[in-house]
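**Q** Next comes the sequence, and after it the predicted model I'd like to discuss.
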Amino acid sequence: MTQPKVPESLHPTKYWHRLEDGRVQCDLCPRECKLHEGQRGLCFVRACHNGEIVLTSYGRSSGFVVDPIEKKPLNHFLPGTAVLSFGTAGCNLACKFCQNWDISKSREMDTLMDEAPPEKLAKVAKALGCRSVAYTYNDPVIFMEYAIDTAKACHEVGVKSVAVTAGYISPEPRKEFFAHMDAANIDLKAFTEDFYWKITGGHLQPVLDTIHYVYHETDCWMELTTLLIPGENDSDEEIDAMTRWIVNELGPDVPLHFTAFHPAWKMMDHPPTPPETLRRAREIALRNGVRYCYTGNVHDEEGQSTYCHACGTRLIGRDWYVITEWNLTEDGKCPQCGTPCAGVFEARPGDWGARRLPVRLADFAA
């Protein structure tokens, strides 16, 4: 099979080593792709060039959109604020149900239309009033050098960084990547090895290791998301086991989002997730001790609002991505019983609402 040519714009990476047979092994993620000269890894954007692994998508994006932070989804990180979201191309998993397959499965560098140097990206986010930048649509792990440089530039102007990731990354690069992230939503796609291998082409344990590491070893605020697919990962037994693991290994304060599947990519033969499945999963999670559990991709005000785990007071009301009620005290506590709500909050929420604003960086001065 003929390998696509590596573009002229390349960026060095450091997580790789040479093998005795002349190939170069990429050490970024558990795939450990072993490449001959000119070959690309499964992620498509990391390639072997002149005997080294380089990143071919640095400074180039598939597009920018200003979203509500709740769309990432993050419900306990600066609620109501705007986030500048972008991705590149490629992915290091092969999920058959990918919702952003046109980006993550892209094998065309022409997908990366916008030139986006980190410093300009940070300035544009600041100018647009975004409190954070999100690396999303495809997995930022595979373009970590670009994401880290952007995070550094954003921090210099007071803008935070958010990673939306599947957490499929090896231990050493994991440390460096999450050291620069202020918040992350990690996809815990299922709780069986069988699902991970057959449906995503990956393995479960590295993802659990990443989740455990981020929660216990970093200051990065973390929330988890599981897309429930009928007949694949939505059984009571699997949800029970997963939520028990979350409480036992991480504690009760990690927000968990159960979201609805819609037929996409290579799983068009599966039906959409019934809303009652999401509600049942939420009930199981709450019963097992998860304090903050949400439903997504459906209209469910109760399942999308935040409640005090001690007395049941509604702290944040939500209707999709719109905040309808705000009862947190200025220091993030329940006004009725004084119990703190876990998260990163300010005295008042943002007012971005449900707006979606496409952005062209070329429209902004350098």
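**A** Okay, I see it.

**Q** State the mean pLDDT of stretch 338-353.
**A** Taken as a whole, stretch 338-353 has an average pLDDT of 97.

**Q** Repeat that for stretch 226-236.
**A** Mean predicted confidence for stretch 226-236 is 97.

**Q** and what of stretch 65-79?
**A** 97.

**Q** What residues of stretch 140-148 count as buried?
**A** Going by neighbour count (16 or more other Cβ atoms under 10 Å), the buried part of stretch 140-148 is 140-148. Using the backbone N, CA and C atoms, a C-beta is placed for each residue, glycine as well.

**Q** what ranges do the helices span in the stretch 51-200 of the chain?
**A** 101-104, 118-127, 144-156, 171-179, 193-195 (DSSP state H, counting those that start in this stretch).

**Q** could those helices be laid out in JSON lines, adding mean pLDDT and distance to E325?
**A** Converted to JSON lines, those look like this (pLDDT from 0 to 100; distance: least, Cβ to Cβ, whole Å):
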{"stretch": "helix 101-104", "mean pLDDT": "52", "distance to E325": "35"}
{"stretch": "helix 118-127", "mean pLDDT": "96", "distance to E325": "28"}
{"stretch": "helix 144-156", "mean pLDDT": "98", "distance to E325": "30"}
{"stretch": "helix 171-179", "mean pLDDT": "98", "distance to E325": "32"}
{"stretch": "helix 193-195", "mean pLDDT": "97", "distance to E325": "37"}
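
**Q** right, and those - which one's nearest R360?
**A** helix 118-127 (9.7 Å; Cβ to Cβ).

**Q** Excluding its own residues, what touches the closest one? List them.
**A** By Cβ atoms under 8 Å, 6 or more residues apart in numbering, the surrounding residues in contact with helix 118-127 are 59, 64, 84, 86, 132-133, 146, 149-150, 152-154, 156-159, 359, 361, 364, 366.

**Q** can you check stretch 186-205 too?
**A** Against stretch 186-205 from outside (Cβ under 8 Å, 6+ apart): 30-31, 42, 92-97, 165-168, 207-208, 210-211, 214, 222-227, 232-233, 238-239, 241-242, 245.

**Q** Also stretch 147-156?
**A** By Cβ under 8 Å, 6+ apart, stretch 147-156 touches 118-119, 121-122, 125, 132-133, 135, 140, 160-161, 163, 176-177, 180-181.

**Q** Widest-spaced pair of those?
**A** Going by Cβ to Cβ, the pair spanning the contacts of stretch 147-156 furthest: A125 and E176, at 22.0 Å.

**Q** quick one on the thing from earlier: counting neighbours, which of the contacts of stretch 186-205 end up buried?
**A** By 16+ other Cβ under 10 Å, those give 30-31, 42, 92-93, 95-97, 165-168, 207-208, 210-211, 214, 222-227, 232-233, 238-239, 242, 245 as buried.

**Q** picking that back up, which one's more surrounded, A125 and E176?
**A** A125 (29 against 14; other Cβ atoms under 10 Å).

**Q** how far away is the closest residue to the more buried one other than its chain neighbours from A179?
**A** Nearest residue to A125 in three dimensions, chain neighbours excluded: L84, at 4.3 Å (Cβ to Cβ, 6 or more residues apart in numbering). Using Cβ to Cβ, to the nearest Å, L84 is found at 21 Å from A179.

**Q** Phi first, then psi, for T329.
**A** phi -70, psi 170 (degrees, to the nearest 10).

**Q** Isn't H17 up against Q25?
**A** Yes. Contact criterion Cβ atoms under 8 Å: H17 and Q25 qualify, at 5.7 Å.
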